[in-house]
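Chemist: Sequence and predicted model, in that order:
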Amino acid sequence: MNHAADPRVELRRALERNPGDGFAWILLAEHELDHGDAVAGEAAARRALALRPGHPEALARLGRAQWMQGRRAEAVASLRAAADNAPDHPGIAVWLGHALEDTGEAEPAADAYARAHALAPDEPQIAAYLLAWRRRLCDWRDLDALAAQVREAVNRGTAAVEPFAFLSEDASAAEQLRCARLRAGEIARQTRPLPPAPARNRERLRVGFLSNGFGAHPTGLLTVALFEQLRELDSLDLHLFALNEDDGSPIRRRLHAAAHTLHDVSRQPHARIAQRIREADIDVLFDLRGWGGGGTPEVLAMRPARVQVNWLAYPGTSGAPWIDHVLADGFVLPESMTRDFSENVVRLPRCFQPSDTTRAIHAPPSRTECGLPERDHKGGGVVLCCFNNSYKLNPRSMALAFAVLRDVPGSVLWLLSGPGRADARLRAAAQAQGVDPQRLVFMPKQPHADYMARLQHADLFLDTGPYNAHTTASDALWAGCPVLTRPGETFAARVAGSLNHHLGMQAMNVDSDEAFVARAVSLARDPQALQALRAELAQRRREGGLFDMAGFARDFTDAVQRMASSPNVKE
């Protein structure tokens with residue numbers, strides 16, 4: 001594939017000859033930001049604004065630079081000014097929506113995306129932003145039409161929408177591959193790889209992990225105990241490349257202690273991060289973010305390591321020529337799905353997802369403090385729960401949960417509180433389907449230890465599809481709450497099923513919506529059966545291999561050695 005020359009070089013030369021060219025400064029700002037250099041992008045945008053005060057394109061680049069540096073309120077102010085000066089510019093409205101998301105202005109963000117879509121109704125990338133944010137707000141207006149527009153664009157190859165958001169659509173694994181390849185192709189055309197990494201012949205491999213989640217974040221919570229076990233095993237040199245700054249959390253301190261080196265590469269340009277990885281002489285590099293927000297696929301596209309692996313955080317194929325392997329297991333990625341993955345599939349003999357097995361579960365607050373009903377002698381007060389992110393709570397999944405509520409008198413459904421008016425919309429949806437809206441109980445965001453303590457009040461976790469519970473399923477099982485799921489036909493739809501399978505609780509994986517409702521109702525109506533199920537879970541958690549991080553470390557080390565010895569085995 002041909003890679004374009006760096007356009008910044010020619011622009012800088014042109015600006016040396018004509019520093020008064022405001023439009024050239026705007027273009028330079030855009031390219032600096034695309035290369036991950038927010039400081040240089042901001043400087044170029046400010047030069048443009050000095051020459052063209054109030055120019056909306058310059059204000060938009062300034063806002064984007066401020067957003068990349070974490071100056072969210074400033075970014076919103078700049079982008080609002082840009083939108084005011086160019087009210088018919090859909091791209092500026094989109095960026096304003098991104099910034100408003102991050103400042104917690106959920107409903108204004110939706111308005112910004114809707115404005116952009118109204119200005120460019122035939123642009124599928126904008127439709128995808130509106131669709132993803134409406135899913136997060138549980139605003140199901142026009143959902144089917146927007147989803148159809150996005151899927152059609154992916155299948156025609158006419159738009160490179162964000163693959164992470166596409167996981168929430170009722171799409172096949174083949175469509176997810178198509179989506180990821182379109183996005184990867186865009187990045188590949190704009191990225192110049194480093195010279196090939198030299199091959200090394202050494203027994204002790206240097207293994208790198210790139211993530212924006214090295215702290216009090218699901219990625220940090222899932223990996224920290226594994227890294228500690230790998231350090232104790234002492235067969236690999238562990239290098240963590242943190243795209244996020246130190247959050248001061250205990251998890252970050254544990255990660256720092258477990259790694260041979262934790263490299264803080266937060267807010268650095270893509271080329272500098274890639275060079276840091278190359279200088280660390282990494283043999284095998286794991287991408288622990290993939291197409292999720294806050295990742296840097298541009299860094300991976302530069303090929304800083306000889307062998308590069310997709311693992312854990314992005315539950316699907318990268319579709320990227322710069323990723324050689326995906327680390328999975330036989331349940332979450334069966335042989336039938338291999339053809340829809342661009343990577344060579346390397347399978348662990350256990351569930352691909354580790355977890356922090358050092359966590360103690362503290363005593364919970366009272367049910368009353370949690371807003372939950374007390375149990376009664378007739379078996380009432382059953383707490384069904386689903387702590388998945390709000391964008392997973394689609395109409396079909398919620399219809400199943402409401403069906404269970406209708407058939408289990410006195411039960412409640414415990415959910416995480418969502419952004420904006422999401423909770424009110426879910427209550428309205430419940431009422432429309434014959435369920436008292438007060439039977440939906442919402443938990444505000446809690447520190448992780450407090451959340452885990454509260455989980456002990458939950459009797460049964462009701463999963464969602466097509467994007468099911470991942471970290472939340474692991475959390476529920478660790479806290480003693482059984483997880484009921486219907487495994488689907490994509491990676492994202494099979495993670496909870498993999499956890500149950502490797503725990504030895506296959507009966508909690510059902511094969512139809514009807515079976516899902518029937519199983520949930522049967523358990524919720526039978527306190528003794530539910531108690532027996534929870535006792536079985538407690539025993540399997542203690543004795544099974546799902547939460548054996550020492551065993552995981554040995555299997556992981558073996559997988560790394562296999563991947564290091566067979567790079568680039570699948571085109």
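Modeler: Noted; the coordinates are in hand.
Chemist: only C-alpha atoms for contact and neighbour calcs from this point on.
Modeler: OK.
Chemist: what pairs with the host helix or strand of Val207, and is each one parallel or antiparallel?
Modeler: Using DSSP states H and E, the element containing Val207 is strand 205-211. Sheet pairing of strand 205-211 (DSSP bridges) gives strand 236-242 (parallel), strand 284-287 (parallel).
Chemist: what's the spacing between it and its chain's center?
Modeler: 19 Å (CA atoms, centre = their mean, to the nearest Å).
Chemist: Stretch 548-564 too?
Modeler: In terms of CA atoms, centre = their mean, the centre of stretch 548-564 is set 24 Å apart from its chain centre.
Chemist: that older thread, for whichever helix or strand comes after the strand holding Val207, the averaged confidence score.
Modeler: Going down the chain from strand 205-211, the next helix or strand is helix 218-233, by DSSP H and E. Helix 218-233 comes out with an average pLDDT of 97.
Chemist: Could you point out which of the strands paired with strand 205-211 sits nearest Pro315?
Modeler: strand 284-287 (11.9 Å; CA to CA).
Chemist: helix/strand/coil for the residue most central in space within the chain?
Modeler: The residue lying closest to the centre of the chain (CA atoms, centre = their mean) is Gly292, at 4.5 Å. Look at Gly292: counting by DSSP: H, G, I helix; E, B strand; the rest coil, its state is coil.
Chemist: coming back round to it: if you average pLDDT over the strand holding Val207, what comes out?
Modeler: Mean predicted lDDT for strand 205-211 stands at 97.
Chemist: swap in stretch 77-94?
Modeler: 96.
Chemist: How far does that stretch sit from its chain's centre?
Modeler: That offset, for stretch 77-94, works out to 28 Å (CA atoms, centre = their mean).
Chemist: and that stretch, which residues are buried?
Modeler: Using 16 or more other CA atoms under 10 Å as the test for burial, stretch 77-94 gives 77-83, 87, 89-94.
Chemist: tell me which of those is nearest to Leu455?
Modeler: Val94 (36.9 Å).
Chemist: State the helix or strand in which the closest one lies.
Modeler: helix 90-102.
Chemist: Residues contacting that helix, please?
Modeler: 57, 60, 64, 67, 72, 75-76, 79-80, 82-83, 86, 106, 108-113, 115-117, 119-120, 126, 129 (CA atoms under 8 Å, 6 or more residues apart in numbering).
Chemist: now the nearest residue to the residue nearest to the centre of the chain once chain neighbours are set aside, what's its secondary structure?
Modeler: In space, not counting the residues next to it along the chain, Gly292 is nearest to Phe164; the distance is 5.5 Å by CA to CA, 6 or more residues apart in numbering. Under three-state DSSP, Phe164 falls in the helix class.
Chemist: How about the contacts made by Phe164?
Modeler: With CA under 8 Å, 6+ apart, Phe164 has these contacts: 291-293, 314.
Chemist: Show me just the buried residues among the residues you listed.
Modeler: For the contacts of Phe164, buried by 16+ other CA under 10 Å: 291-292, 314.
Chemist: Pick the one among the residues you listed closest to Cys351.
Modeler: Tyr314 (15.2 Å).
Chemist: quick check, that closest one in a strand?
Modeler: No. Going by three-state DSSP, the assignment for Tyr314 is coil, not a strand.
Chemist: Check what pLDDT it gets.
Modeler: pLDDT, read off for Tyr314, is 95.
Chemist: Need the contact partners of the strand holding Val207.
Modeler: Strand 205-211 is touched from outside by 219, 235-244, 277, 281-289, 295, 561, with contacts defined as CA under 8 Å, 6+ apart.
Chemist: Just put the buried ones among the contacts of Phe164 in JSON lines and tack on distance to Leu533.
Modeler: Below are those laid out as JSON lines (distance: CA to CA, whole Å):
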{"residue": "Trp291", "distance to Leu533": "37"}
{"residue": "Gly292", "distance to Leu533": "35"}
{"residue": "Tyr314", "distance to Leu533": "31"}
